[in-house]
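Visitor: Any chance you could fold what I've pasted below:
(chains A and B)
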Number of protein chains: 2
Amino acid sequence: MTEYKIALVGFGGVNRGLAQLIAERNAEWKATLGFSLKIVGVTDLFLGSIVAREGLDARQLVALPGEQGAFAQLPGGTAEAFNETIIKHSGADMISEATFTNPVDGEPATTFCRWALESGIHVVTTNKGPIALHGAELKDVARRNGVAFEYEGSVMSGTPVIRLASQALAGADIQGFEGILNGTSNYVLTRMKDGLTFNDAVAQAQQLGYAEADPTADVEGYDVRLKVVILANELLNARLTVSDVACSGISSISPKDIAQATASGASWKLIGSAHREADGSVRANVEARLLPNEHPLASVSGALNAVSFNTGLLGAVTVCGPGAGRIETAFALLSDIIAIHNRYSK
Amino acid sequence: MTEYKIALVGFGGVNRGLAQLIAERNAEWKATLGFSLKIVGVTDLFLGSIVAREGLDARQLVALPGEQGAFAQLPGGTAEAFNETIIKHSGADMISEATFTNPVDGEPATTFCRWALESGIHVVTTNKGPIALHGAELKDVARRNGVAFEYEGSVMSGTPVIRLASQALAGADIQGFEGILNGTSNYVLTRMKDGLTFNDAVAQAQQLGYAEADPTADVEGYDVRLKVVILANELLNARLTVSDVACSGISSISPKDIAQATASGASWKLIGSAHREADGSVRANVEARLLPNEHPLASVSGALNAVSFNTGLLGAVTVCGPGAGRIETAFALLSDIIAIHNRYSK
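Guide: Residues are numbered from 1 along each chain as shown, chains lettered A, B, ... in the order given. From the prediction side, this is the model:
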């Protein structure tokens, strides 16, 4: 039986979710997955940090109040975030990186990932920034150091997309994909179909916690664009950067557009897509599209996400599931750890 | 680079599809998948058999006419189906079993699988009979002989279901599933929604090659029942037999039922499902259900198939894709071979 020592980098909802899963299911995992997890360190820019080679109590971590410097309340904890120490010197076999996404330069998450990989420590992350902006470099660092760099949760939270494509659809000849990759904008479009204006639908999404105070990244397609870059590079072996992907959002769609679409048996959806051209190059974009109701993505409503893979051997294969959520995204980290276990423990 | 020697058992559409993929893509697979396939034998009750340790020409096999005893036309071929010889003594590393599904006792396919497994030869199959009726025994034989027994194509052709659940959703705590698992009945229900009677819709499905001359197994749910047994035993660790699964079909659904459903924003679907009860037991059934249009399976139309997994950590995750087709089902065999390669070549 393997016990992995893990350090949690960033202790917001997602890594708290992972700590909660560890508290509730570690014993069960020994039997069903063949391993258990021991948290040996946690660091968070707001909460501070804590390290304990003998292992931290996951229940106690989950119960920590969300106050500045809160880790100082625990024995061995401090109000300061000793990121580099926790990542490199807590004795962890792997880090779970779940700090905020920085869409401009991917920092500080990219540095956190690089520190771990260069120290021979596996990285699992749900952070879009490092993958979309520095994915090729980080994968290379991982390869050179003989460790894994896994990021299933960077797209569609725990719903399998990257691993579905690379494992279960290996050999199916993926030629492109179309996806509903942002729950907030899909929720807004769904509510507009119910008769709300764009502004009222955004306000409702904010009330429900789907949308940020500034919803720009969601409704203008910038969040989707990062995910399109990740998927195109992963699934189609492209080398796209963010500036290669033309991007527009849903803010210009009027109630009249929505009503006309409904009357004609169609639905507006914010679609991120990429496909391989005849010359082998990959083209990708993000835009609102009018989908006939028979389209596999037309009926994906509310905050759900979905990706439809266009394959040479199977035609379209579509997977639909949650695109966000604390536990749902924490599951993505678990699924990355399972993949690492299956690859390295045999 | 690994070259697997494979014998094809049954040479109808599916194994012909696999031979076609080998003819077209073997060179590419060396680079992308790390292996190639060499066909060392083929046997078919109607066409006869052929064996060649140095390898058969996949293109020549694909072009073989569908006439009784046709293998006698090829050098080294015979009009007789030497099943046991081809399976045990052609020098194959694996067999691809794709004979007809016998829903009563799973024969002769079960015997073919057992012969191979007992001889230390991997089995990939698309045949529901051996898995639904003798799955536990055959898995046990495989384990004892240190070989693989893979059957992704027994449910939803090449659309990943079994491997999606066991690999990408490992740890997600699958508690049940609901599926549209028969394309013919789903096509019939879709056409009835367009205004056709049951009989006219069945006739159209027959014209398109979706339905057999006797459509009973499709429209009365017997085909779905075999798939429910396979999935329940695989995903929920159940030990169900066919007689444990209550089964009814769609033949009693009237145009009036369909019209009423449409008017109330719902759709009739033939659903195969299973779930774990509070006491740990698994209950499964097959029946026509009225699904509200928001249900993830309600919009799956035509001959498409879909399964919605109910999971503890992700809620519902749904995969939708082809449920039949020559090349689509042949891809399932390829995906099984890829899984074997990944497990045994490392």
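
Visitor: Confirm A:Val42 sits in a strand?
Guide: Yes. Under DSSP: H, G, I helix; E, B strand; the rest coil, A:Val42 falls within a strand.

Visitor: Give the helix, strand or coil label for the closest residue to it other than its chain neighbours.
Guide: What sits nearest to A:Val42 in space, not counting adjacent residues and going by C-beta to C-beta, 6 or more residues apart in numbering or on different chains, is A:Leu8, at 4.5 Å. All C-beta spots, glycine's among them, are computed from the backbone N, C-alpha and C. Recorded secondary structure, A:Leu8: strand (three-state DSSP).

Visitor: hang on, A:Leu8 packs against A:Leu18?
Guide: Yes. The pair A:Leu8 / A:Leu18 is scored as a contact, 6.9 Å apart, by C-beta atoms under 8 Å.

Visitor: who touches both of these two?
Guide: Residues within reach of A:Leu8 and of A:Leu18 at once, by C-beta atoms under 8 Å, 6 or more residues apart in numbering or on different chains, are A:96, A:98.

Visitor: picking that back up, now do the residue nearest to A:Val42, the pLDDT please.
Guide: Per-residue confidence (pLDDT) for A:Leu8: 98.

Visitor: Around it, how many other residues sit close by?
Guide: Neighbour count of A:Leu8, defined by other C-beta atoms under 10 Å in any protein chain shown: 30.

Visitor: For it, which residues count as its bridge partners?
Guide: A:Val42, A:Ser96 (DSSP bridges).

Visitor: Distance of it relative to chain B?
Guide: As judged by C-beta to the nearest C-beta, to the nearest Å, A:Leu8 and chain B stand 18 Å apart.

Visitor: can you pull the contacts of that residue?
Guide: A:Leu8 sits next to A:15, A:18-19, A:39, A:41-43, A:95-96, A:98 when contact means C-beta under 8 Å, 6+ apart.

Visitor: Out of those, flag the one nearest to A:Arg143.
Guide: A:Ile95 (17.4 Å; C-beta to C-beta).

Visitor: now A:Asn102: how far from A:Gly129?
Guide: Separation of A:Asn102 from A:Gly129 (C-beta to C-beta, to the nearest Å): 5 Å.

Visitor: any common contacting residues for those two?
Guide: A:Ala109.

Visitor: For chain A, what lies in contact range of chain B?
Guide: Selection of chain A residues close to chain B by C-beta under 8 Å from any C-beta of the partner chain yields A:21, A:29, A:32-33, A:157-160, A:163-164, A:167-172, A:293-294, A:296, A:298-299, A:301, A:313-322, A:327-328, A:330-331, A:334-335, A:338, A:346.

Visitor: Return the subset of these lying in strands.
Guide: Judged by DSSP state E, strands contain the following of the residues of chain A next to chain B: A:315-322.

Visitor: In PyMOL, select just the buried ones from the residues of chain A next to chain B.
Guide: Selection command for PyMOL covering only the buried members of these, criterion 16 or more other C-beta atoms under 10 Å in any protein chain shown:
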select buried, chain A and resi 21+29+33+157+158+159+160+163+164+167+168+169+170+171+172+296+298+299+301+313+314+315+316+317+318+319+320+321+322+327+328+330+331+334+335+338
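
Visitor: Keep only those of the residues of chain A next to chain B that are in helices.
Guide: A:21, A:29, A:32, A:163, A:327-328, A:330-331, A:334-335, A:338 (DSSP state H).

Visitor: Now for those residues: which two are most distant?
Guide: Greatest spatial distance in these: A:Thr32 and A:Glu328, 19.2 Å, computed using C-beta to C-beta.

Visitor: mind listing the helices in the stretch 151-300 of chain A by residue range?
Guide: Listed in chain order, the helices found in the stretch 151-300 of chain A under DSSP state H, counting those that start in this stretch are A:162-163, A:183-193, A:198-207, A:216-219, A:222-235, A:255-263.

Visitor: Please tabulate these in a markdown table, including the columns mean pLDDT.
Guide: Listed next are these as a markdown table, based on pLDDT from 0 to 100:
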| stretch | mean pLDDT |
| --- | --- |
| helix A:162-163 | 96 |
| helix A:183-193 | 95 |
| helix A:198-207 | 94 |
| helix A:216-219 | 95 |
| helix A:222-235 | 97 |
| helix A:255-263 | 94 |
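
Visitor: Would you reformat the ones you listed as TSV and include distance to B:Lys139?
Guide: Below are the helices of the stretch 151-300 of chain A laid out as TSV (distance: least, C-beta to C-beta, whole Å):
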stretch	distance to B:Lys139
helix A:162-163	24
helix A:183-193	39
helix A:198-207	47
helix A:216-219	46
helix A:222-235	32
helix A:255-263	50
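
Visitor: what sits against the closest residue to A:Asn83 other than its chain neighbours?
Guide: In this structure, A:Asn83 finds its nearest non-sequential neighbour in A:Thr43, 5.1 Å apart by C-beta to C-beta, 6+ apart. Counting by C-beta under 8 Å, 6+ apart, A:Thr43 touches A:7-11, A:49-50, A:81-83, A:86-87.

Visitor: Check the residues you listed against A:Asp194 and report the nearest one.
Guide: Checking the contacts of A:Thr43 against A:Asp194 with C-beta to C-beta, the nearest one is A:Gly10 at 35.8 Å.

Visitor: buried residues in stretch A:114-131?
Guide: Within stretch A:114-131, the residues that qualify as buried are A:114-117, A:121-131, counting by 16+ other C-beta under 10 Å.

Visitor: Tell me how many other residues surround the nearest residue to A:Leu208 once chain neighbours are set aside.
Guide: Once flanking residues are discounted, A:Leu208 sits nearest to A:Tyr187: 7.7 Å by C-beta to C-beta, 6+ apart. Counted with other C-beta under 10 Å, residues neighbouring A:Tyr187 total 22.

Visitor: which ones are touching A:Tyr187?
Guide: With C-beta under 8 Å, 6+ apart, A:Tyr187 has these contacts: A:201, A:205, A:208, A:210-211, A:302-303.

Visitor: Quickly find the element holding A:Ser308.
Guide: Taking DSSP states H and E as the criterion, A:Ser308 maps to strand A:304-311.

Visitor: That strand vs strand A:315-322, what angle?
Guide: Interaxial angle, strand A:304-311 versus strand A:315-322 (axes from the mean of the first three to the mean of the last three C-alpha atoms, to 10 degrees): 160 degrees.

Visitor: tell me which strands and helices strand A:304-311 is in contact with?
Guide: Applying 3 or more C-beta pairs under 8 Å, 6 or more residues apart in numbering or on different chains; DSSP states H and E, one finds that strand A:304-311 makes contact with strand A:174-180, helix A:183-193, strand A:315-322.
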